[in-house]
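Colleague: predicted model, plus sequence, below.
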Amino acid sequence: MRVGIFIDTNDLYHSTRKVFPGKKLNYTVVREQLGKVGDIVKNIVYGMHIERKSGSFISCLRQVGFEVKFKKPSRLLVGENEVRICDWNIPIVLDIISVLSNLDCIVLGTTRYQLYPLIQWLQQQGKKVIMLTPKESFLTQAADDVILIHEEWLEKEE
């Protein structure tokens with residue numbers, strides 16, 4: 001089976017911390033686990049570039065074998081708090097469409113409900129959709145299969 005992996009690192013970071021406080025994903029283990037799904041054709045992670053914090057993470061992701069796409073976040077002022085926003089939904093959709101003819105299965109590492117129509121459309125195209133997530137959700141019910149993130153896949157936050 002030809003597999004494409006598309007992971008929103010920001011979304012998985014925050015959703016994983018809610019389920020496993022003080023822990024973060026070990027992407028070496030994630031890559032090993034996802035390699036069991038089939039032959040990986042495309043393997044992209046998306047993230048937020050934060051000054052002086054992203055460099056080593058990006059290097060680690062590349063060493064593990066991921067194609068890396070990071071961008072600087074938009075900043076919004078909410079009251080007195082600054083909120084960083086980095087939305088990858090449309091780029092993920094476009095990347096999937098660009099390689100869809102070479103894939104049998106798409107692994108989506110996200111909990112963003114806005115991608116629900118994408119899941120439905122991929123299934124209509126005859127593709128299997130697997131959700132990578134720390135917990136069951138609205139999206140996991142729509143997917144063909146779910147890979148739940150296990151505590152053994154995590155490491156302590158620094």
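Modeller: Arrived safely.

Colleague: when you work out contacts or count neighbours from here on, use the C-alpha atoms and nothing else.
Modeller: Noted.

Colleague: direction included, what does the helix or strand hosting Glu155 pair against?
Modeller: Under the criterion of DSSP states H and E, Glu155 resides in strand 154-156. Strand pairing for strand 154-156, using DSSP bridges, gives strand 23-25 (antiparallel).

Colleague: who's in contact with the partner strand?
Modeller: With contact meaning C-alpha atoms under 8 Å, 6 or more residues apart in numbering, strand 23-25 is reached by Tyr13, Thr16, Arg17, Trp153, Leu154, Glu155, Lys156, Glu157.

Colleague: now the third one: how far from Ser54?
Modeller: As judged by C-alpha to C-alpha, to the nearest Å, Arg17 and Ser54 stand 18 Å apart.

Colleague: quick one, helices of this protein?
Modeller: 9-19, 27-34, 55-64, 89-99, 116-124, 138-142 (DSSP state H).

Colleague: the lengthiest strand in the chain to helix 27-34, inter-axis angle?
Modeller: If you go by DSSP state E, the chain has its longest strand at strand 39-48. Angle, strand 39-48 to helix 27-34, by axes from the mean of the first three to the mean of the last three C-alpha atoms, to 10 degrees: 150 degrees.

Colleague: in strand 39-48, which residues are buried?
Modeller: Ile40, Lys42, Asn43, Ile44, Val45, Tyr46, Gly47, Met48 (16 or more other C-alpha atoms under 10 Å).

Colleague: and that strand, which strands flank it?
Modeller: strand 2-8 (parallel), strand 67-71 (parallel).
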